[in-house]
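A.B. asks: Just a sequence and a predicted model for now, questions to come.
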Amino acid sequence: MSIWQSIVMGIIQGLTEFLPISSSGHLVILPHLLGWRFPEQQTFVFDVLVQWGTLLAVVIYYWSDLLRIVTGFVQALLARKPFGNPDARLGWYLILATIPAVLIGLLFKDAVSAAFSSVRATGGFLLVTAAILVAAELIGQRRRSFETIGWQDALWIGLAEVVSLLPGVSRSGSTMAGAMARNLNRPAAARFSFLMSMPVMLGAGVLALNDLASMPDMAALIPPLLVGFVTAFIFGYIAIRWLITYLAGHSLYLFAGYCAVVGLLVLVLG
């Protein structure tokens, strides 16, 4: 993988990780469209580790939230009242929401990795993302704020995230849709979705580091990884800021339409 290719892939990762249009789907389709051929294991490791760039973006954007959650969580544990304050409870909710995808991802790691080799399947799953986004707009009443989130909401959103293990199903789209199905408003759904993305991306990256260490050409992949990381961070931060503002007054139908068009094109053109 060249530096130029890693820049392009980093831009796509950064923009599509938080926009509900599936970063995994685009990282499968784009190399096929441009005629780029990478070893399957190298592609999977690159895609997962470059996500750490977007992880850094969301950490910086929500730094004050994270600091408050961690502080409240630790204080509650020290006081032997683990659910004793709202920030501690939110920390537990984020942990709960993370568990389903982590368990399924570990159990079916090989099957998930293999799914990334099928461009046609990715196109079909983009249509699934479009349907999920439309359903969220039609079902959700969007009357609840972020402060009303409870453990039932967290569990439901975590279960919704499991679907996004498949390439073409947007993680942010499925989790926002899960939150909106629980009648959270769009900004609250996006905020919880982005916060819960952090442990998932961190854990997936740690597993990918193990794969990277076992690759015979590891040294050659490190420079493109670093370039992709920085690029994904920059464009990921831009995407978060834009989307939070956009969702304050707009629906998800724009993203649903985009996923439907791209998915259909992939299926028709192969």
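C.D. replies: Yep, it's here.
A.B. asks: Next, residue 143: phi, psi?
C.D. replies: Phi and psi for residue 143, reported as degrees, to the nearest 10, are phi -110, psi -10.
A.B. asks: which residue sits closest to it, ignoring its sequence neighbours?
C.D. replies: residue 183 (5.6 Å; CB to CB, 6 or more residues apart in numbering). Backbone N, C-alpha and C define where each C-beta goes, glycine included.
A.B. asks: And for residue 66?
C.D. replies: In this structure, residue 66 finds its nearest non-sequential neighbour in residue 59, 6.5 Å apart by CB to CB, 6+ apart.
A.B. asks: ok, how many other residues are close to that neighbour?
C.D. replies: Residue neighbour count, defined by other CB atoms under 10 Å, stands at 18 for residue 59.
A.B. asks: can you check the one 4 residues further on too?
C.D. replies: Around residue 63 sit 10 other residues, with neighbours defined as other CB under 10 Å.
A.B. asks: Give me the pLDDT value at it.
C.D. replies: Per-residue confidence for residue 63 comes out at a pLDDT of 93.
A.B. asks: coming back round to it: can you list phi and psi of the residue nearest to residue 66 for me?
C.D. replies: Torsion angles at residue 59 (phi, psi; degrees, to the nearest 10) stand at phi -60, psi -40.
A.B. asks: wait, doesn't it sit right on residue 197?
C.D. replies: No: between residue 59 and residue 197 there is no contact under CB atoms under 8 Å: 10.2 Å.
A.B. asks: Against the centre of this structure, work out the most remote residue.
C.D. replies: For the chain, the largest distance from the centre (CA atoms, centre = their mean) belongs to residue 79, which lies 33.7 Å off.
A.B. asks: how much space between it and residue 92?
C.D. replies: 15 Å (CB to CB, to the nearest Å).
A.B. asks: Could you do residue 171 as well?
C.D. replies: Relative to residue 92, and taking CB to CB, residue 171 is found at 21 Å.
A.B. asks: Comparing those two, which shows the higher neighbour count?
C.D. replies: residue 171 (26 against 16).
A.B. asks: Tell me the secondary structure of the nearest residue to that one once chain neighbours are set aside, please.
C.D. replies: Spatial nearest neighbour of residue 171, chain neighbours left out: residue 164 (3.8 Å); criterion: CB to CB, 6+ apart. Classification of residue 164 by DSSP: H, G, I helix; E, B strand; the rest coil places it in helix.
A.B. asks: in the protein, which helix or strand is least confident?
C.D. replies: Least confident helix or strand, the chain: helix 109-115 with a mean of 67, by mean pLDDT, DSSP states H and E.
A.B. asks: Show the contacting residues for the residue sitting nearest the centre point of the chain.
C.D. replies: What sits nearest the mean C-alpha location of the chain, by CA atoms, centre = their mean, is residue 171, with 4.2 Å. Residues counted as contacts of residue 171 (CB atoms under 8 Å, 6 or more residues apart in numbering) are 17, 22-24, 161, 164, 193, 197, 200.
A.B. asks: again, only using 7 Å
C.D. replies: 161, 164, 197 (CB atoms under 7 Å, 6 or more residues apart in numbering).
A.B. asks: now residue 57
C.D. replies: By CB under 7 Å, 6+ apart, the contact set of residue 57 is 233, 236-237, 240.
A.B. asks: swap the cut-off to 6 Å and go again
C.D. replies: Taking CB atoms under 6 Å, 6 or more residues apart in numbering, we find residue 57 in contact with 233, 236-237.
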